[in-house]
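Q: what follows is a protein structure lacking sequence information:
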């Protein structure tokens with residue numbers, strides 16, 4: 001059986017409903033999974049621009065994003081893995097956030113992306129459309145707010161495009177401690193001081209990509225798509241060096257890793273037989289904030 005240690009990238013979310021109206025204008029992240037002599041090394045680089053525009057009612061945000069998933073296969077399989085050594089996600093997104101009242105916030109978003117190994121020129125099969133709509137209700141007082149969020153997302157976090165519910169409850173318990181319970185993320189945050197913070201996260205995440213060139217798995221079977229999903233528990237430490245630079249270290253355990261090749265009908269044609277494994281990652285971020 002082939003075994004892979006994959007990394008889960010933890011993205012922190014705001015605790016107050018209206019904090020969601022303020023976003024980083026630009027961000028860069030690099031992560032890696034140092035896995036020694038196992039079968040696959042995994043690296044991720046992502047870059048994102050957000051261009052918010054304040055309207056008469058609400059905020060409209062245009063986003064440009066780039067993700068590169070890089071794989072280094074250290075074991076020979078029965079087919080060539082050269083075509084799946086790099087996967088790309090190049091996206092344009094549009095999000096609209098409308099405060100309905102002082103305690104209600106409506107958020108809708110849509111994203112068009114080219115998600116592929118791009119071994120040839122992009123085609124319509126490389127295009128992927130996702131989006132979501134949800135409402136958030138702020139409860140409690142300003143010092144210790146509670147937020148209930150409900151909605152629907154068309155997403156690939158389970159490894160295939162699916163319509164899934166978005167449910168979460170967050171609470172700012174003190175000025176240092178907050179938590180959130182829901183799907184796809186449950187977390188607990190503790191702010192040590194202005195520059196140090198830790199976070200415990202349970203996360204469901206994944207991606208889905210088209211293979212620009214089919215992979216011949218065997219004499220009669222081709223792979224057209226690639227699918228990965230993971231369920232993990234991680235502890236993250238974040239250090240803000242200044243208003244722009246930050247570093248983070250994450251370690252935890254991936255309870256479920258599923259890495260597969262699919263045909264054009266999304267049926268399984270090859271399973272990498274991944275298993276539950278511990279993981280570790282480190283990264284550096286640069287943020288330009290409004």
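A: Nice, I can see it. As the structure is a prediction and not an experimental result, all values here were calculated from the model.
Q: who's the residue nearest to residue 159 when sequence neighbours are not counted bridged to?
A: Spatially, and ignoring its direct neighbours in sequence, residue 159 is nearest to residue 229 (3.6 Å; Cβ to Cβ, 6 or more residues apart in numbering). Where C-beta positions appear, they are placed from N, C-alpha and C, glycine not excepted. Residue 229 has the following beta-bridge partners by DSSP bridges: residue 206, residue 258.
Q: where does this protein dip in pLDDT?
A: 1-24, 32-38, 287-290 (pLDDT under 70).
Q: name the SS class of the residue lying closest to residue 94 once chain neighbours are set aside, please.
A: In space, residue 94 comes closest to residue 110 once its chain neighbours are excluded; the distance is 5.5 Å by Cβ to Cβ, 6+ apart. For residue 110, the assignment made with DSSP: H, G, I helix; E, B strand; the rest coil gives strand.
Q: show me what contacts residue 110?
A: 93, 94, 95, 129, 130, 131 (Cβ atoms under 8 Å, 6 or more residues apart in numbering).
Q: do you know how far the last one is from residue 168?
A: Residue 131 sits 18 Å away from residue 168, taking Cβ to Cβ, to the nearest Å as the criterion.
Q: who's more crowded, those two?
A: Using other Cβ atoms under 10 Å, the more surrounded residue of residue 131 and residue 168 is residue 168, with 20 against 16.
Q: check which helix or strand covers that one.
A: Using DSSP states H and E, residue 168 maps to strand 162-172.
Q: residues contacting that strand, please?
A: Contacts of strand 162-172 (Cβ under 8 Å, 6+ apart): 13, 15-16, 132, 134, 140, 143-158, 178-185.
Q: among these, which are in strands?
A: 132, 134, 140, 145-155, 178-183, 185 (DSSP state E).
Q: pull out the buried residues from these.
A: 132, 134, 145-149, 151, 153, 155, 178-180, 182, 185 (16 or more other Cβ atoms under 10 Å).
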